[in-house]
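1. can you look at this prediction? I've put the sequence above it.
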Amino acid sequence: MSRVRPVFIWLARLGVAAIFLGACVAKIRDPAAFALAVNRYRILPGEFVNLVAIVLPWIELVCGLAVLTAPARLRAAGAAIIAAMLAVFTIAISLNLVRGIEASCGCFSTRADAAVSDGWNLVRNGALIWLALAVYLDAVRRAFPRRAAEAP
C-alpha cells in the first residue's frame, strides 16, 4: 500500500468531519432559523420541515464524529450516511436551480441573507461525496478485511 493513501484517507476524514461538524453548529443553536432555511427550498411538506430542522443537525453531528473518531464499522456507517445526505442536498439544490428558486443552501448559515446556492455548491457537494465514499471504502476494508480481499 502506498504511503500516500493513509494520509489521503486521514485528510479526507478530517475534511468531511470538519465540514459536517461546522455545519451543524448554527443549525443546533437556532433550529427555528434552520427550519426557515429548509422551508425556503419548497420541497418538503410543511409538517416535515420542523422535524427535519430539529433532527438533521444532530445526525450531521453524530456522523461527523463517527467519521473522525469511531472504529471502522461506525466510521463506514457515518461516511455512508454523510454521502447519502450530500446526495439529497445536491438534488435539492439542483431542483431549486432548475426551478429558479433563489435560496441559500442553509449549510453553514441559517440567515435569510446568506449567499444563494449556485453551481459551486454542486461542485463542492460532488467533491465531498467523493471524499465521503473514499472514507467509506477504506473503513469497510478495515472493518471487513477478509471480505475485501476476496472481492474481485
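-> Happy to help now that I have it.
2. what about the top helix by length along the chain, distance to the chain center?
-> In the chain, with assignment by DSSP state H, the single longest helix is helix 72-99. Put simply, helix 72-99 sits 5 Å off its chain's centre (Cα atoms, centre = their mean, to the nearest Å).
3. before we move on, what about stretch 128-138?
-> The gap between where stretch 128-138 is centred and where its chain is centred comes out at 11 Å by Cα atoms, centre = their mean.
4. now do stretch 33-51
-> Distance, centroid of stretch 33-51 to centroid of chain: 18 Å (Cα atoms, centre = their mean).
5. CA atoms only for that stretch - export them in PDB, please.
-> As requested, the backbone C-alpha atoms of stretch 33-51 are provided in PDB (Å, rounded to 0.1, in the frame of the first residue of the first chain):
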ATOM      1  CA  ALA A  33     -33.900  29.800  11.700                       C
ATOM      2  CA  PHE A  34     -32.800  26.500  10.100                       C
ATOM      3  CA  ALA A  35     -36.500  25.500   9.800                       C
ATOM      4  CA  LEU A  36     -37.000  28.600   7.700                       C
ATOM      5  CA  ALA A  37     -33.900  27.700   5.600                       C
ATOM      6  CA  VAL A  38     -35.400  24.300   5.000                       C
ATOM      7  CA  ASN A  39     -38.800  25.800   4.200                       C
ATOM      8  CA  ARG A  40     -37.300  28.100   1.600                       C
ATOM      9  CA  TYR A  41     -36.400  25.100  -0.600                       C
ATOM     10  CA  ARG A  42     -40.200  24.500  -1.000                       C
ATOM     11  CA  ILE A  43     -39.600  20.700  -1.300                       C
ATOM     12  CA  LEU A  44     -40.900  19.200   2.000                       C
ATOM     13  CA  PRO A  45     -44.500  19.400   3.100                       C
ATOM     14  CA  GLY A  46     -44.900  21.800   6.000                       C
ATOM     15  CA  GLU A  47     -45.400  19.000   8.500                       C
ATOM     16  CA  PHE A  48     -41.900  17.700   8.000                       C
ATOM     17  CA  VAL A  49     -40.000  21.000   8.000                       C
ATOM     18  CA  ASN A  50     -39.600  21.300  11.800                       C
ATOM     19  CA  LEU A  51     -38.800  17.600  12.200                       C
END
